[in-house]
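**Student:** Provided below are the primary sequence and the corresponding predicted coordinates.
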Amino acid sequence: MGNKNGLLKFLQNKNTVTVIGVVAAVLVLYVGYNIRVKNAINPITVPYAKETIKGGTQITEDKVGTIQVPPSMLKGNVLTNQSQIIDKYARPDSIIPEGSLFYSTAVVEEGQLPNSIIMKYQKGYVLYNMAVTTESTYGNSIYPENYIDIYLKIVNKIDTTNPNASKENADKIMFGKLLENVKVLAVKDASGQPVFANLDEQRTPAMIVFAVPEKYYILLKKAEFLRNYDTTLIPVPTNESLADKPGNIKLSSEELEQFINKVTVTIDQ
């Protein structure tokens, strides 16, 4: 009992409390300092370029190695995980030197490459650029890799400056599906930037890009350039991309094709 009372008096002594507090503070500082030193000294594994990678080149697994470096050497926006690098691309206007670490400013997605569309379509096809709006893309709901059907609306154009112009067929409209199973390659804004490249930025779609066989490209252009008619090409999204094997692009309406060819001229090459 006497020992217990003596211990209580010792702990209640102001000098004792002060000493214990100082010792505890020193221990906390010491442990914290050691942790910070270890974190600064203990090396971590990061990816590096095993060879020089030119701008626009895909960064494949064989081009990436790993090296251990002190955390204090990792200045700036260094990429520390291989998953952030492999199968991405070196930015077109840069070069990644052999032995260099990878930085987020030098690594881009395929869709951010200026020529990324050219890499995606097969021989014998021609790129087509269709003007769109947020409304015509169903509230910005058409994405790259989606499939669309293309409908065509044709209305007789009336010359309002000519009082003698016939208005007999003014209200006649031709409408139908022209092509189906068209794969979207890109959706871009008015400045040509990919709409979905950066989800933190809200971009307005101005064009969708796809590729079609040349005969369909000519057909679409003919429909677009009809001078005596007001024509509208309308993209309609489908769920074809969910199929195990999406269908091939094909003509849907021979009647529309025949009408377009009837009022235009094809030049043999």
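**Tutor:** Great, that's in hand. Numbering: from 1, shown residues only.
**Student:** Give me the mean pLDDT for the longest strand along the chain.
**Tutor:** Longest strand in the chain, counting residues (DSSP state E): strand 173-188. Confidence for strand 173-188, expressed as mean pLDDT, is 93.
**Student:** quick one: contacts for the most centrally placed residue in the chain?
**Tutor:** By C-alpha atoms, centre = their mean, the chain has its centre lying nearest to Ala197, at 3.3 Å. By C-beta atoms under 8 Å, 6 or more residues apart in numbering, the residues touching Ala197 are 109, 111-112. For glycine as for every other residue, the C-beta is placed from the backbone atoms N, C-alpha and C.
**Student:** now swap in Asn77 and tell me
**Tutor:** With C-beta under 8 Å, 6+ apart, Asn77 has these contacts: 103-105.
**Student:** now do Glu240
**Tutor:** Contacts of Glu240 by C-beta under 8 Å, 6+ apart are 147, 181, 246-247.
**Student:** Inside helices: which ones of these?
**Tutor:** Judged by DSSP state H, helices contain none of the contacts of Glu240.
**Student:** Let me have those in JSON lines, extended by distance to Lys188.
**Tutor:** Formatted as JSON lines, these follow (distance: C-beta to C-beta, whole Å):
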{"residue": "Tyr147", "distance to Lys188": "18"}
{"residue": "Asn181", "distance to Lys188": "22"}
{"residue": "Pro246", "distance to Lys188": "22"}
{"residue": "Gly247", "distance to Lys188": "25"}
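**Student:** most surrounded residue in those?
**Tutor:** Neighbour count (other C-beta atoms under 10 Å) singles out Tyr147 as the most crowded of those, with 22 neighbours.
**Student:** Give me the helices and strands touching the longest strand of the chain, please.
**Tutor:** strand 147-156, strand 207-213, helix 214-225, strand 250-251, helix 254-262 (3 or more C-beta pairs under 8 Å, 6 or more residues apart in numbering; DSSP states H and E).
**Student:** buried ones in that strand?
**Tutor:** Of the residues in strand 173-188, 174, 178-188 count as buried by neighbour count, 16 or more other C-beta atoms under 10 Å.
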